[in-house]
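with the sequence up front, the predicted model follows.
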Amino acid sequence: MTNYINFLENITAIVNSDKQLNSIEQNIKNEFNVYGDLEHLHIFLLDTNTKVLRDCFNEMKPLQELYPDETAVIYNNMIDEFWFNDFIINNKAYKLPQKMEEIGIKIKNLAFPIYKGEDICGIIEVVFKTETLIQLSFLHIMKIFSSIIALKIQNTVLDEKMHTNVEFYDSMKSIAKIIETQYELTYIIPLIGEMLDRFIEDHLIYIFLRNNDKFDLIWPKSCNDERAKILMQQLDSETSYLLSDDGKLGAFAMTTENNLLGCIIAKSLSERLKPREIDYLEQLTKQASITISRANSYSEVLQYATLDALTSLNNRRQLEVRLKQETSQAERQKHPLSVIMLDIDFFKSFNDTYGHAVGDLVLKEVADTVKKTLRESDIAARYGGEEICALLPFTDLAQAAQVAERVRLEIEKNEVSVIIDEKEHVLKITVSIGVAQYTPGTRPEELYIKADDALYKAKRNGRNKVEINENV
């Protein structure tokens with residue numbers, strides 16, 4: 001499973017680069033070559049207007065221009081098979097089992113669909129030179145790979161067709177970009193909400209996720225319009241949106257694979273929702289659906305992983321495992337254990353001013369500096385959002401404060417240069433840090449709480465400083 005997770009992380013980084021799809025063909029093939037000697041990899045896009053398949057790695061040319069007629073017929077027949085099956089393996093169609101059992105199967109030819117919402121919009125075909133043994137879980141990974149490619153293709157189409165409305169284009173791209181490095185819904189959904197809010201300025205935006213038969217408000221904190229609740233209960237996976245009687249409030253369904261994930265509520269503060277606004281909200285909601293669905297898929301897969309995809313630090317789940325180990329060892333050997341918790345100052349302003357790609361760059365720079373500054377025995381992890389936490393074994397409070405100050409100074413003097421609209425911007429980064437020491441006999445989680453209290457004290461006292469929780 002770990003190799004498949006590495007494949008997913010590597011392929012995500014490749015696909016989500018700024019390069020065009022045809023420029024990353026060889027990089028993608030190299031990742032598949034790990035599992036067998038690859039003969040070819042095809043990615044075909046279905047033109048919804050002409051119903052013609054186009055080769056994504058060959059200037060989007062129609063298949064009829066590149067292959068014999070009988071070959072084009074074979075691929076078009078695959079589209080029909082995919083309405084009822086998940087994969088074509090060795091020229092036979094199969095449904096994918098729900099359980100990810102570790103069953104080995106031999107494949108030479110593998111084809112699977114690309115989806116845009118609930119519609120099939122293309123085909124991915126992988127052909128090895130000889131039979132290759134894979135695990136059943138690899139097919140689950142391929143479904144996620146398909147959704148990643150779908151988003152890349154969708155971005156390419158947006159690049160070509162949406163120059164007429166820059167704000168709309170930017171919103172779609174921004175929502176699509178979020179999932180590159182984030183898979184926690186508590187982080188993703190507020191970002192989507194803020195983007196929609198900025199684009200649809202004269203409307204109130206609310207995001208609900210479905211929980212069994214009810215809808216839970218995820219963003220913002222409250223929605224008091226009873227009409228929203230009534231409309232939500234009338235939504236289903238086949239309904240794109242519903243409007244209130246006065247046309248000022250719309251409920252837009254977030255769906256994937258015939259499942260209703262939730263909905264986005266748009267409430268006009270003045271006139272009825274215009275047809276153009278409804279069209280934009282429909283498309284933005286579909287994009288948000290893809291992002292949230294992929295976040296759910298990532299969460300399922302990444303439960304097996306230990307590293308954060310963006311920073312290469314330990315993820316929070318792994319940090320919790322190591323915390324229990326280190327506190328237990330500190331108790332047995334009676335040695336000190338401390339923690340530093342840091343948060344990037346004014347991180348939201350980097351995202352709002354320069355975009356989330358620059359925000360990600362800032363976070364990676366800080367993570368790299370933390371790794372270089374700490375000892376090899378220290379355990380650094382991405383705690384959440386822009387917070388980084390580090391366990392410092394065999395380190396008392398005074399020593400941990402010195403480490404924290406060294407980290408703070410290294411980050412402060414490390415300027416980051418970015419090019420935005422052909423202009424260079426030099427970014428100054430600072431962090432606030434809280435320091436705490438483990439108290440023997442207490443719950444391990446209390447160490448985080450003490451460090452977090454010190455961190456917020458540092459923020460209240462002006463930021464770019466280290467504060468110590470002296471309660472040992």
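Thanks, I have the structure now.

partner strands of the longest strand along the chain, parallel or antiparallel?
For the chain, the longest strand by residue count, based on DSSP state E, is strand 119-135. Strand 119-135 pairs in its sheet with strand 38-47 (antiparallel), strand 104-116 (antiparallel), by DSSP bridges.

now render those as JSON lines, adding distance to residue 232, mean neighbour count and mean pLDDT.
Yep, even glycine has a C-beta here, placed from its N, CA and C like the rest. Shown next, in JSON lines, are those (distance: least, C-beta to C-beta, whole Å; neighbours: other C-beta atoms under 10 Å; pLDDT from 0 to 100):
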{"stretch": "strand 38-47", "distance to residue 232": "32", "mean neighbour count": "19", "mean pLDDT": "88"}
{"stretch": "strand 104-116", "distance to residue 232": "24", "mean neighbour count": "18", "mean pLDDT": "89"}
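
nearest to residue 398, of the ones you listed?
Smallest distance to residue 398 across the strands paired with strand 119-135 (C-beta to C-beta): 55.0 Å, for strand 104-116.

so what are the domain limits for this structure?
2-160, 163-301, 316-468 (automatic domain parsing).

which residues of the stretch 351-472 of the chain fall in strands?
Applying DSSP state E, counting those that start in this stretch to the stretch 351-472 of the chain gives strands spanning 379-384, 387-393, 416-420, 423-427, 431-437, 466-468.

could you give the angle of the second one to strand 431-437?
Here strand 387-393 points in a direction 30 degrees away from that of strand 431-437 (axes from the mean of the first three to the mean of the last three C-alpha atoms, to 10 degrees).

how far off centre is stretch 19-33?
20 Å (C-alpha atoms, centre = their mean, to the nearest Å).

any buried residues in the longest helix seen in the chain, and which?
In terms of residue count, the longest helix belonging to the chain (DSSP state H) is helix 275-302. By 16 or more other C-beta atoms under 10 Å, the buried positions in helix 275-302 come out as 277-278, 280-295, 297-298, 301-302.

check stretch 205-214 too.
Here stretch 205-214 shows 205, 206, 207, 208, 209, 210 as buried, counting by 16+ other C-beta under 10 Å.

one step back: okay, the domains of the chain in TSV with distance to residue 310 next?
Below are the domains of the chain laid out as TSV (distance: least, C-beta to C-beta, whole Å):
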stretch	distance to residue 310
domain 2-160	10
domain 163-301	4
domain 316-468	6
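
for the nearest residue to residue 132 once chain neighbours are set aside, helix, strand, or coil?
Spatially, and ignoring its direct neighbours in sequence, residue 132 is nearest to residue 36 (3.3 Å; C-beta to C-beta, 6 or more residues apart in numbering). State at residue 36, reduced to three classes by DSSP: H, G, I helix; E, B strand; the rest coil: coil.

and residue 36, what does it touch?
128, 129, 130, 132 (C-beta atoms under 8 Å, 6 or more residues apart in numbering).

pick out the most distant pair among these.
Across the contacts of residue 36 (C-beta to C-beta), the longest gap, 8.9 Å, separates 129 and 132.

now the stretch 251-400 of the chain, which segments are flagged as low pLDDT?
Across the stretch 251-400 of the chain, the ranges flagged by pLDDT under 70 are 299-305.

so if I had to pick from residue 129 and residue 132, which one is more boxed in?
Counted by other C-beta atoms under 10 Å, residue 129 and residue 132 do not tie: residue 132 has more neighbours, with 18 against 11.

confirm for me that the more buried one is in contact with residue 110.
No - the criterion here is C-beta atoms under 8 Å, and residue 132 misses it with residue 110 at 9.1 Å.

returning to that earlier point: need the winner for burial among the strands of the stretch 351-472 of the chain.
Most buried of those by mean neighbour count (mean count of other C-beta atoms under 10 Å) is strand 431-437; its value is a mean of 27.

what lines up beside that strand in the sheet?
For strand 431-437, pairing defined by DSSP bridges yields strand 337-344 (antiparallel), strand 466-468 (parallel).

thinking residue 255 is in contact with residue 210, fair?
No - if you go by C-beta under 8 Å, residue 255 and residue 210 don't touch, sitting 9.9 Å apart.

lovely, talk soon.
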